[in-house]
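> Here you go, sequence then predicted model.
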Amino acid sequence: MDLHQNLIGGEWTSGPDASENINPSNTDDVVGRYTRADAEQTRQAIAAAKAASYSWARSNPMQRHNILQAAANEIMARSKELGDLLAREEGKTLAEGIGEAGRAAQIFSFFAGEALRLAGEKLPSIRPGVEIEITREPMGVIGLITPWNFPIAIPAWKIAPALCYGNTVVMKPADLVPGCAWAIADILKRAGLPDGVFNLVMGRGSVVGEAILDSRDVDAVSFTGSVGTGKHVAMKCAENMRKVQLEMGGKNPLVVLDDANLGIAVDCAVNGAFFSTGQRCTASSRLIVQEGIHDKFVDACIEKLKSLVVDDARKDGTHIGPVVDQKQLDTDMNYIEIGRTEDNAKLAWGGERLNRGTPGFYLQPALFTETTNDMRINREEIFGPVATVIRVKDYDEALATANDTPFGLSSGICTSSLKYASDFKRNAEAGMVMVNLPTAGVDPHVPFGGRKGSSYGPREQGRYAAEFYTTVKTSYLLP
Ligand code: NAD
């Protein structure tokens, strides 16, 4: 089987080690072999990015546009194939995989346009004859560290703005899913990106990630992953006074009020909590339900869950694929056990390990009812197909419960009341608010990010991405 190599200074290069990329729907299926860099090879990639930095920062914006647009076009043209690779390496369904590949293409396309739209400001000075100009410049070398759950969209939403604004990149994808990141590297190389502008270093967080954090030649780090790793990344960046952006976990509430449309509320809850196997930072893991609709809502959710097929991610008719690996499955099962032992909490549906035609990490989605917001299953991110129902008496209690969490990524409400919808939009302590929509599922051209323990630093995506990927300069001129 061919070895997929790292891309360093425009050359495909092997590291000292390699890993097998395993299909979570069928652990007998090896998706591919991928090299793993060590610290020395990571330093070479950083040196290549630094060497390419001066000329790329001064490159013609039309050149940047053309390369990003060519990448967008190829990703879109190959979205079925890339979506299949994604479903095979991560375990998301084929439809979700193809959708995510399409989203990556849209993001590249958006930033292709942005490359031509970078504007500054000119202001009069308070001193006679002096002109002031405010411009945005690239940061320099950006280290990108990404998680496994969106193997193509998250790399895209970091790589595209980094390149658009004239930065060079050293990217480390999650060790579990190198395939999609390797495909993007290959596409960018063939799209005509100059050598060294984008470097791919696959491998372990403790080796490659640490080498990126330790380097004085990396000017900014954009990280998406767990809170624990994020805190470590932030501390290391603070030591070097380096700009950092962190996107981390969630424990996202979906409030369902008595006046909600029951069908919409159930669709939002089941989609938001369980699709993509619940492995989304924006998953609706806490369903906060008003007492008048509570029983009908729970019954309808269970009916819906009974109809969902958990099976091989790439099989026709599958709604929910496997959990990503044994470690995440163990975490999910452990939390299901914790939930079972909480006083009063009831496992109303699912939570069992499932056997299918192939050896894979299959888990029946689990729904807990009669839970309270202080239980561990309501405070800690599980990151699997496990959701809870919390019964509340009115809107005020629902809002307070929704906000009573260390996280603040996405927050949703299902209601037909304009008054409650408006109040929730204003008072939900989250970076993103959804009304009559699942907490997961966002547009590619608008800011993405959260508050509290979910995010740190400037927002990602849309025009707001410029806040992180550029630095502002104020120039004074007396002609
Ligand atoms: P993780 O923290 O285990 O790993 C994330 C990345 O950090 C990986 O590439 C990993 O190899 C790397 N890493 C690990 N140790 C490192 C170290 N010492 N130094 C540098 N890098 C290191 O997270 P994960 O399990 O891959 O992803 C799941 C988490 O990501 C969940 O908490 C989820 O909520 C979060 N997530 C957040 C968002 C968001 O935008 N808020 C999006 C997707 C996923």
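Okay, I see it. Numbers count the residues shown, from 1 in each chain.
> Okay, now the unreliable bits of this structure?
Of all residues in the chain, none has pLDDT under 70.
> which residue is nearest the centroid of it?
residue 154 (5.0 Å; Cα atoms, centre = their mean).
> Isn't it up against residue 223?
No. The criterion here is Cβ atoms under 8 Å, and residue 154 misses it with residue 223 at 10.4 Å. The C-beta positions use only the backbone N, C-alpha and C, and glycine is treated the same way.
> residues in this structure within reach of the ligand, list them.
Residues of the chain lying near the ligand by Cβ under 6 Å from any ligand atom: 145-150, 172, 174-175, 205-206, 209-210, 213, 224-226, 229, 232-233, 247-250, 281, 381, 383, 409, 454.
> Now, these that are in helices?
The helices, defined by DSSP state H, take in 210, 213, 229, 232, 233 from the residues of the chain next to the ligand.
> Now the buried members of those.
Using 16 or more other Cβ atoms under 10 Å as the burial test, those include 210, 213, 229, 232, 233 as buried.
> which one is the first one nearest to, not counting chain neighbours?
The one in question is residue 210. Once flanking residues are discounted, residue 210 sits nearest to residue 39: 7.2 Å by Cβ to Cβ, 6 or more residues apart in numbering.
> got the domain boundaries for the protein?
According to automatic domain parsing, the chain comprises the domains 3-248+454-477, 253-435.
> Report the separation between the two terminal residues of the last one.
Domain 253-435 stretches 12 Å from its first residue to its last (Cα to Cα, to the nearest Å).
> same check, this time on stretch 278-291
End-to-end span of stretch 278-291 (Cα to Cα): 25 Å.
> residues of that stretch that come out buried?
Counting neighbours by 16+ other Cβ under 10 Å, stretch 278-291 gives 278-290 as buried.
> Near the residue nearest to residue 210, how many other residues are there?
Residue 39: 15 surrounding residues under other Cβ atoms under 10 Å.
> same thing with the one 10 residues further on?
Residues contacting residue 49 under the criterion other Cβ under 10 Å number 29.
> List the backbone torsions phi and psi for it.
Main-chain dihedrals, residue 49, degrees, to the nearest 10: phi -70, psi -40.
> Residue 121 now?
phi -130, psi 150.
> Pull the contacting residues for it.
Contacts for residue 121 (Cβ atoms under 8 Å, 6 or more residues apart in numbering) come out as 133, 134.
> so what's it bridging to?
residue 134 (DSSP bridges).
> if I look at it, how far off is residue 324?
45 Å (Cβ to Cβ, to the nearest Å).
> before we move on, back to that, show me how to select, in PyMOL, the buried members of the residues of the chain next to the ligand.
Only the buried entries of the residues of the chain next to the ligand go into this PyMOL selection, using 16+ other Cβ under 10 Å:
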select buried, resi 145+146+147+148+149+150+172+174+175+205+209+210+213+224+225+229+232+233+247+248+249+250+281+381+383+409+454
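> In three-state terms, label the closest residue to residue 214 other than its chain neighbours for me.
Nearest non-adjacent residue to residue 214, counting by Cβ to Cβ, 6+ apart: residue 236, 7.4 Å away. Secondary structure assignment for residue 236 (DSSP: H, G, I helix; E, B strand; the rest coil): helix.
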